[in-house]
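Peer 1: compute the structure for the input listed below.
(one chain, ligands or ions: 1)
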Amino acid sequence: MGKKGRHISLDISRDLITNSKPCPAQINFKDLEYSIAIKNSISNDSGKFMENLSLKFLPKNKDESKKKIILDRITGSFTPGRLTAIMGPSGSGKTSLLNLLSGRVSSGKVEGNIWLNGRSADSGSLGLVSRFISQEDVMMSTMTVREVVEMAIKFRVDGITQDEINVRANEAITTLELEKCQNTLIGDTIAKGISGGERKRTSIAMEMATDSSILFLDEPTSGLDMYTSALVVKLLRFISRSGQTVVSVIHQPSSDIFKLFDDIVLLSEGQIIYFGPQKQLVDYFSKLGFQCPNYTNPADFVFTDVLNLNEAELEKMKAEKFSGSKADYKFLKISSLAESWKSSEQCGAIKEMVESPILDPLNESNFTSSVDSSSSNIVGNRDRIL
Ligand SMILES: Nc1ncnc2c1ncn2[C@@H]1O[C@H](COP(=O)(O)OP(=O)(O)OP(=O)(O)O)[C@@H](O)[C@H]1O
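Peer 2: You can find the predicted model right below:
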């Protein structure tokens with residue numbers, strides 16, 4: 001049978017994941033604002049809608065620097081055992097949110113609160129409790145796929161024997177269908193090694209085989225075919241079921257992939273448009289007057305009808321003789337959707353979760369070590385902090 005028709009089996013040996021149950025970690029944030037200073041290059045007479053455009057400029061004075069708000073006082077909760085997708089147009093703040101919550105932001109100004117299991121979290125603790133798989137996952141180019149997976153296990157799982165390492169590495173490699181390239185060098189732009197898709201799967205295999213309480217991924221399916229994308233997201237769902245908190249930025253998923261997520265966060269212009277169960281998203285927008293047509297992928301519907309101007313809205317804009325541009329009109333729509341979200345029942349439920357967090361203590365077993373591959377050194381964060 002061809003790949004498309006193949007059933008993706010997730011009958012993975014439980015040894016791989018459940019024997020190494022991570023300690024649950026819930027990450028909550030409230031009124032989180034992330035902004036950066038930018039040089040003022042726009043005159044004050046650039047049009048009355050200028051301040052509404054996607055870059056939100058809050059002028060200090062005419063010639064000085066202003067700030068660009070990347071995340072606009074957002075509140076949310078990521079819970080253990082659930083798989084969440086962060087979706088939104090390019091530039092909406094998805095990667096910035098992941099960076100903030102994994103303690104990877106070094107520039108700009110952060111306001112608001114982040115808590116781990118109810119305790120105030122700084123970037124150090126966020127970095128220790130979570131793992132981050134980036135769009136440009138960095139690995140050591142001179143090592144093979146099997147070597148990097150084994151290395152990740154060795155340095156992130158305490159007191160593991162070589163036999164256990166072999167079992168975990170085999171499982172991860174088989175599950176992600178990396179057998180054929182397991183002895184191929186990772187490579188780099190100069191010395192070509194494994195393909196882009198194999199690289200992504202290797203980075204997930206490295207993660208699968210280790211324990212961490214929170215896993216963040218930035219577009220783990222970009223560059224992968226439909227079959228492999230579905231395989232990867234099914235694996236993330238499986239990983240989440242072992243008690244990990246799994247949060248992934250995802251770019252326009254197919255309907256089948258969309259349905260694998262428990263929760264969806266929709267961002268636009270750094271604001272939350274929706275944050276809640278995937279199964280309730282269509283109903284939420286239908287109550288706001290946006291009907292998802294039958295047999296339409298809800299992810300496509302959200303991008304075309306909700307986050308963009310639909311036909312009816314373009315007509316309305318003309319009829320109203322709106323004096324600004326389409327971008328201005330769209331900005332007003334997004335602001336109104338963000339206001340609707342803030343006054344929704346679902347937003348109230350999220351706020352309640354933030355106010356009554358899981359209070360399990362965070363202990364050493366929540367903390368993972370990291371592989372600092374950019375400098376080819378293995379860095380034990382645990383050693384640095386504890
Ligand atoms: N350190 C920074 N300095 C200047 N601008 C920044 C910085 N970090 C983020 N931005 C800007 O903030 C906005 C959000 O960026 P971010 O990378 O979070 O978006 P995104 O939703 O992940 O986009 P994409 O889907 O294109 O990756 C963008 O306009 C980006 O240019």
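Peer 1: next up, phi/psi of Ser35, please.
Peer 2: Main-chain dihedrals, Ser35, degrees, to the nearest 10: phi -140, psi 160.
Peer 1: how about the residue in the stretch 101-250 of the chain that the ligand sits nearest to, secondary structure?
Peer 2: Using Cβ to the nearest ligand atom, the single residue of the stretch 101-250 of the chain nearest to the ligand is Ser107, 5.0 Å away. Backbone N, C-alpha and C define where each C-beta goes, glycine included. For Ser107, the assignment made with DSSP: H, G, I helix; E, B strand; the rest coil gives coil.
Peer 1: the nearest residue to it once chain neighbours are set aside bridge partners, please.
Peer 2: Leaving aside its chain neighbours, Ser107 sits nearest to Ile36 (6.5 Å; criterion: Cβ to Cβ, 6 or more residues apart in numbering). Listed by DSSP bridges, the beta-bridge partners for Ile36 are Lys68.
Peer 1: quick one: residues contacting Ile36.
Peer 2: 67-68, 70, 107-109 (Cβ atoms under 8 Å, 6 or more residues apart in numbering).
Peer 1: what score does the residue of the stretch 101-250 of the chain closest to the ligand have for pLDDT?
Peer 2: For Ser107, the pLDDT comes out at 88.
Peer 1: all the helices of the stretch 101-250 of the chain, residue numbers only.
Peer 2: 123-129, 145-156, 162-175, 196-208, 226-241 (DSSP state H, counting those that start in this stretch).
Peer 1: can you name the residues of this structure that neighbour the ligand?
Peer 2: 36, 70, 88, 90-96, 107-108 (Cβ under 6 Å from any ligand atom).
Peer 1: considering the contacts of Ile36, which possesses the most neighbours?
Peer 2: Among these, the one with the most neighbours (other Cβ atoms under 10 Å) is Ile70, at 24 neighbours.
Peer 1: so what does it have for phi and psi?
Peer 2: According to degrees, to the nearest 10, Ile70 has phi -90, psi -40.
Peer 1: same thing with Gly76?
Peer 2: Residue torsions, per degrees, to the nearest 10, at Gly76 are phi -170, psi 180.
Peer 1: just give the nearest non-adjacent residue to it, would you?
Peer 2: Closest to Gly76 by Cβ to Cβ, 6+ apart is Phe275, at 5.2 Å.
Peer 1: quickly run through the sheet partners of the strand or helix carrying the one you found, with directions.
Peer 2: Assigned by DSSP states H and E, Phe275 belongs to strand 271-277. Strands adjacent to strand 271-277 in the sheet, as given by DSSP bridges, are strand 263-268 (antiparallel).
Peer 1: ok, back up a step: and of the helices of the stretch 101-250 of the chain, who's closest to Asp256?
Peer 2: helix 226-241 (6.2 Å; Cβ to Cβ).
Peer 1: any weak-confidence spans in the stretch 251-386 of the chain?
Peer 2: Within the stretch 251-386 of the chain, the segments meeting pLDDT under 70 span 363-386.
Peer 1: and with 50 instead?
Peer 2: Where the stretch 251-386 of the chain drops to pLDDT under 50, the residues are 369-386.
Peer 1: count of neighbours near Thr245?
Peer 2: Neighbours around Thr245, by other Cβ under 10 Å: 27.
Peer 1: count the neighbours of the closest residue in space to Glu111 that isn't next to it in sequence for me.
Peer 2: With sequence-adjacent residues excluded and distances taken as Cβ to Cβ, 6+ apart, Glu111 is closest to Glu33, at 4.4 Å. Neighbour count for Glu33, taken as other Cβ under 10 Å: 17.
Peer 1: same question, Ile133
Peer 2: Residues near Ile133, counting by other Cβ under 10 Å: 19.
Peer 1: wait, it touches Thr221, no?
Peer 2: No - using Cβ atoms under 8 Å, Ile133 is not in contact with Thr221; the gap is 11.3 Å.
Peer 1: return the residues in contact with the nearest residue to Asp188 once chain neighbours are set aside.
Peer 2: Spatial nearest neighbour of Asp188, chain neighbours left out: Ser141 (4.0 Å); criterion: Cβ to Cβ, 6+ apart. The contact partners of Ser141, by Cβ under 8 Å, 6+ apart, come to 185-188, 191, 193.
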